[in-house]
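Peer 1: From the sequence below, what's the structure:
(one chain, ligands or ions: 1)
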Amino acid sequence: MLNDKQKEMLNEFEGADKSHWNDWRWQIKHCVRDVDDFEKLLDIKLSATMRKEFQGITKVFPMAVTPYYLSLINTDDMENDPVFRQSFPSIKELIISKADMDDPLHEDEDSPVDGLTHRYPDRALLLVSNRCAMYCRHCTRKRMVGDADSIPDREQIMKGIEYIKKTPRIRDVLLSGGDPFLLSDDYLDWILTELGKIDHVEVIRIGTRTPVVLPQRITPELVTMLKKHRPLWINTHFNHPRELTATSRKALKMLSDGGFPLGNQSVLLAGVNDCSRIMRSLVHKLVANCVRPYYLYQCDLSRGLSHFRTPVGKGIEILESLIGHTSGFCVPTYVIDAPGGGGKIPVMPNYLISWSTNKVVLRNYEGVITSYKEPDSYEQTFCDRDCEKCDLFLSLEDADERRSVGIEKLLADYDRSISLVPEGNLRHSRRDEEE
Ligand SMILES: *Cc1c(COP(=O)(O)O)cnc(C)c1O
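Peer 2: Okay, here's the model as predicted:
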């Protein structure tokens, strides 16, 4: 399935043939890390300035691109190419804006054991690999890229698994990294088997960019191994429709035929995909390949990403162009991952324009304004969490026993809280002093 450009590139590797190109380990081994190889493989010449800048940037943020992903660059208009912009270092990465942070999402702080982030009540993020096939220039974990490019050892992963084992509230485990699919089949099988032994873990998710940058990694052997561990959800990371090549579509097909629900997490990137038409084409292509757009991320405040950030309004504009205009399952949830570790916060255009005690006024995607008459006879069921006395029928052996937190708590009938007050609120401290 090699195109002409890929065949030409392959000629640059002495003694290599198609079977090498299609072997993911060969692709990794021949990752392009320096500027000479980059020029040679693409048959281009970079300006002296670009070459010089390259040396400066890669000392801080190294480069690595698989020959396959490199072959997607359109050299006729290279500097505007979305694949080039995601993979080739830019001098702008050295601009540190005032808002930049090393670890904006506080992943290291919400980490009870090394390599595990426990942020939400019922799910945990386990970093199982430090390696990536390609170093995305927009990586949110840029702070870790290239340093100790090694796999967390069994002992560290086991500590994460032990933590999950003794925390029964965790029912969903996300494997990320790095890229979990850069681990060998056997090693990943071991991790999935250990997690599978934990009764309260109901689902496992894997976040991987290999279908985009190293589709050769999706082998029949990998799929056979993964099938033992269903229900397993796989999330990938396509940012531009150009990334859905014949090779990556084949990889996606193998995964969907394997019975894994597929999702996609894109990052909104200035100069790459901050355009409604590009996004619409992307989500349509994803869905045509059985991949459900899951999240569209606002670009994080990690160091060196300022040139990729867009205003939040750009994301809202994109959602406005999708909601109603295309299939509901084509529309990702647009989120800002809260700096300081507050988690993902969804952001949407407003559809609720006004309301009275028995009517709401809404607008649709076409701009049509409409009203919805609410029921006059709705009888509120007062909930005191005593299901025995309630007419509604929960009747589940394993019904969730947790109490409400956050805004949900303010809305709950059985909870008498009337406000949520930030810790250290001065007005409240004054009250305490007066008492
Ligand atoms: C994104 C994320 C999750 C999963 O969040 P979902 O909204 O369930 O997809 C879990 N833990 C951490 C630390 C995350 O960043």
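
Peer 1: Which residues of the stretch 201-350 of the chain lie near the ligand?
Peer 2: K344 (CB under 6 Å from any ligand atom). Quick note: C-beta positions are derived from backbone N, CA and C, even for glycine.

Peer 1: and if we set it to 8 Å?
Peer 2: Applying CB under 8 Å from any ligand atom, we find that the stretch 201-350 of the chain lies next to the ligand at 205, 294-295, 335, 337, 343-344.

Peer 1: Check what contacts the helix or strand containing S429 and list those residues.
Peer 2: Under the criterion of DSSP states H and E, S429 resides in helix 426-434. With contact meaning CB atoms under 8 Å, 6 or more residues apart in numbering, helix 426-434 is reached by V421.

Peer 1: Tell me where the stretch 201-350 of the chain has helices.
Peer 2: 210-213, 220-227, 246-257, 276-288, 312-322 (DSSP state H, counting those that start in this stretch).

Peer 1: tilt between the fourth one and helix 246-257?
Peer 2: The reference is to helix 276-288. Orientation check (axes from the mean of the first three to the mean of the last three CA atoms, to 10 degrees): helix 276-288 against helix 246-257 gives 50 degrees.

Peer 1: other SSEs contacting helix 276-288?
Peer 2: strand 262-267, strand 291-297, helix 312-322 (3 or more CB pairs under 8 Å, 6 or more residues apart in numbering; DSSP states H and E).

Peer 1: Take those and lay them out in JSON lines including mean neighbour count and mean pLDDT.
Peer 2: Converted to JSON lines, these look like this (neighbours: other CB atoms under 10 Å; pLDDT from 0 to 100):
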{"stretch": "strand 262-267", "mean neighbour count": "21", "mean pLDDT": "98"}
{"stretch": "strand 291-297", "mean neighbour count": "21", "mean pLDDT": "98"}
{"stretch": "helix 312-322", "mean neighbour count": "18", "mean pLDDT": "98"}
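
Peer 1: what about the strands in the stretch 101-250 of the chain?
Peer 2: For the stretch 101-250 of the chain, applying DSSP state E, counting those that start in this stretch gives strands covering 116-120, 123-127, 172-176, 203-207, 232-236.

Peer 1: hmm, who's touching the last one?
Peer 2: I take that to be strand 232-236. 192, 203-212, 226, 252, 255, 260-265, 291, 294.

Peer 1: and those residues, which are buried?
Peer 2: 192, 204-212, 226, 252, 255, 260-265, 291, 294 (16 or more other CB atoms under 10 Å).

Peer 1: still on that earlier bit, quick one, which of the strands of the stretch 101-250 of the chain gets closest to T357.
Peer 2: Nearest to T357, of all the strands of the stretch 101-250 of the chain, is strand 116-120, at 35.5 Å by CB to CB.

Peer 1: What's opposite the residue of the stretch 301-435 of the chain found nearest the ligand in the beta bridge?
Peer 2: Among the residues of the stretch 301-435 of the chain, K344 lies closest to the ligand, at 5.3 Å counting by CB to the nearest ligand atom. Per DSSP bridges, the residues bridged to K344 are D337.

Peer 1: which ones are touching it?
Peer 2: 295, 335-338.

Peer 1: In the sheet, which residues pair with R363? Tell me.
Peer 2: Beta-bridge partners of R363, as defined by DSSP bridges: I369.

Peer 1: excluding its backbone neighbours, what's nearest T326?
Peer 2: Spatially, and ignoring its direct neighbours in sequence, T326 is nearest to R280 (6.6 Å; CB to CB, 6 or more residues apart in numbering).

Peer 1: Correct me if wrong: that neighbour contacts I323.
Peer 2: No: counting by CB atoms under 8 Å, R280 stays clear of I323, with 11.5 Å between them.

Peer 1: In contact with the closest residue to V331 other than its chain neighbours, which residues?
Peer 2: In this structure, V331 finds its nearest non-sequential neighbour in L322, 4.7 Å apart by CB to CB, 6+ apart. By CB under 8 Å, 6+ apart, L322 lies in contact with 276, 279-280, 283, 330-331.

Peer 1: try A270
Peer 2: Counted by CB under 8 Å, 6+ apart, A270 has contacts 299, 307-310.

Peer 1: Ranking by neighbours, what's the top pick from these?
Peer 2: F308 (23 neighbours; other CB atoms under 10 Å).

Peer 1: Surely that residue touches Y297?
Peer 2: No: the pair F308 / Y297 is not scored as a contact, 11.0 Å apart, by CB under 8 Å.

Peer 1: which neighbours do these two share?
Peer 2: By CB under 8 Å, 6+ apart, the residues touching both F308 and Y297 are V267.

Peer 1: pLDDT at the residue of the stretch 301-435 of the chain closest to the ligand, what is it?
Peer 2: Looking at K344, its pLDDT reads 96.

Peer 1: How far does the lowest-mean-pLDDT helix or strand in the chain sit from its chain's centre?
Peer 2: In the chain, no helix or strand scores lower on mean pLDDT, DSSP states H and E than helix 426-434, which sits at a mean of 83. Its chain's average C-alpha position is 42 Å from that of helix 426-434, according to CA atoms, centre = their mean, to the nearest Å.

Peer 1: How about M78, nearest residue that isn't a chain neighbour?
Peer 2: M78 sits nearest to F84 (CB to CB, 6+ apart), 5.3 Å away.

Peer 1: rewinding a little: TSV for the contacts of L322, including pLDDT?
Peer 2: Formatted as TSV, these follow (pLDDT from 0 to 100):
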residue	pLDDT
S276	98
M279	98
R280	98
V283	98
C330	98
V331	98
